[in-house]
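Participant: A predicted structure for the sequence below; I have some questions about it.
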Amino acid sequence: MENDPVAGRLSAVYSELPPGERAIVRVLLDDYPFAALGSLRALAERAGVSPPTASRLFDRLGYAGFAEFQAAVRDGARDRSRLLEFVTAPEAAKSATRESAPGSEAAAPAETGPSELRRAADDLRSGLDGTLATLSEPLLTAAAALVAEARTVWALGGPLSELAAEYLIRQLASLRSGAHRVPEPPQARARTLLDLGPSDVVAAYDFRRYSPATARFVQAARDRGARLLLVTDAWGSPLAPQAEVLVSLPREAAGPIAPLAHEIAVTELLLVATAARLSPAQRLADLDALTQSLG
């Protein structure tokens with residue numbers, strides 16, 4: 001999708017759009033290209049906006065209506081995930097080399113080189129550099145203050161980002177009490193919500209495709225006064241307007257598969273900043289002693 005010109009255009013203009021048109025772009029990119037291939041009304045309903053709002057987006061993009069936009073999507077879109085595109089591109093290049101080489105019909109397959117690994121490493125390095133550049137000291141200070149001063153911290157994420165939420169809580173529980181993962185079963189989540197209030201913080205990791213379950217829990221927690229620390233992507237989780245502290249990873253952090261490495265990097269720096277506010281040396285020493293006594 002990253003090499004698709006229509007998807008690239010949607011990503012490029014996203015930050016310049018009004019909220020209703022941003023909602024349309026989020027739906028399109030979340031389910032690209034399929035979300036673009038239905039009716040305009042269906043697309044507007046998925047985004048929670050009116051059909052005229054959706055029409056204004058395509059006019060703004062320079063298309064002569066939604067039908068012309070759909071034609072451009074059909075021409076340029078490919079039904080492949082980032083991972084599929086990443087792993088098949090080297091094979092396509094090698095196949096083209098074999099076909100163009102003299103005597104290619106009898107030639108043996110080319111040896112697999114390290115180019116795809118170098119490409120993955122370059123993508124990760126570029127994304128990590130971009131992520132770290134967005135983490136200003138004031139932003140980390142604000143996030144650490146939220147986490148350090150809360151009565152309790154509850155973390156959750158989506159299908160992959162839940163791993164970052166788990167890492168945050170495992171490490172944070174060594175630094176302070178009252179650090180918990182949000183449980184999965186709805187009844188357990190409801191019991192958690194009963195005790196949440198303005199002194200509590202929800203740390204949410206929310207990336208495309210944005211998790212409806214995460215959104216439901218966060219909204220319910222916010223209704224009870226809990227504060228939100230949100231880590232999301234460049235396209236912006238629908239939860240972003242509710243965040244007291246918002247950490248937004250750049251587009252470069254998407255990587256060939258998922259931005260988990262960058263989520264962990266953000267979490268590491270957040271933990272360092274939080275530890276500096278808590279001075280947890282005695283707690284960590286007690287933890288080490290207890291661990292050894294139980295081993």
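Facilitator: All right, it came through fine. These figures come from a predicted structure and were not determined experimentally.
Participant: So which residues of the protein form strands?
Facilitator: Listed in chain order, the strands found in the chain under DSSP state E are 153-157, 179-181, 201-206, 227-232, 245-248.
Participant: Pull out the buried positions in the second one.
Facilitator: Within strand 179-181, the residues scored as buried using 16 or more other C-beta atoms under 10 Å are 179, 181. All C-beta spots, glycine's among them, are computed from the backbone N, C-alpha and C.
Participant: Not counting that strand itself, show me its contacts.
Facilitator: 152-156, 165-166, 168-169, 172-173, 192 (C-beta atoms under 8 Å, 6 or more residues apart in numbering).
Participant: Turn the buried ones among those residues into a named ChimeraX selection, would you?
Facilitator: Restricted to buried positions by 16+ other C-beta under 10 Å, the ChimeraX selection for those reads:
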select :152,153,154,155,156,165,168,169,172,192
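Participant: one step back: CSV please, covering the strands of the chain and showing distance to Gly130.
Facilitator: Rendered in CSV, the data for those read as follows (distance: least, C-beta to C-beta, whole Å):
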stretch, distance to Gly130
strand 153-157, 21
strand 179-181, 28
strand 201-206, 18
strand 227-232, 15
strand 245-248, 11
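Participant: most neighbours per residue, which of those strands?
Facilitator: Across the strands of the chain, the average number of neighbours (mean count of other C-beta atoms under 10 Å) peaks for strand 201-206, which reaches a mean of 28.
Participant: Sheet-wise, list the partners of it with their directions.
Facilitator: When pairs are called by DSSP bridges, strand 201-206 turns out to pair with strand 153-157 (parallel), strand 227-232 (parallel).
Participant: so what are the domain limits for the protein?
Facilitator: Each domain of the chain is listed here as a residue range: 5-76, 129-294, per automatic domain parsing.
Participant: Tabulate those (JSON lines), appending distance to Asp122 and mean pLDDT.
Facilitator: JSON lines is the format used below for those (distance: least, C-beta to C-beta, whole Å; pLDDT from 0 to 100):
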{"stretch": "domain 5-76", "distance to Asp122": "19", "mean pLDDT": "89"}
{"stretch": "domain 129-294", "distance to Asp122": "10", "mean pLDDT": "92"}
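Participant: Thank you, goodbye.
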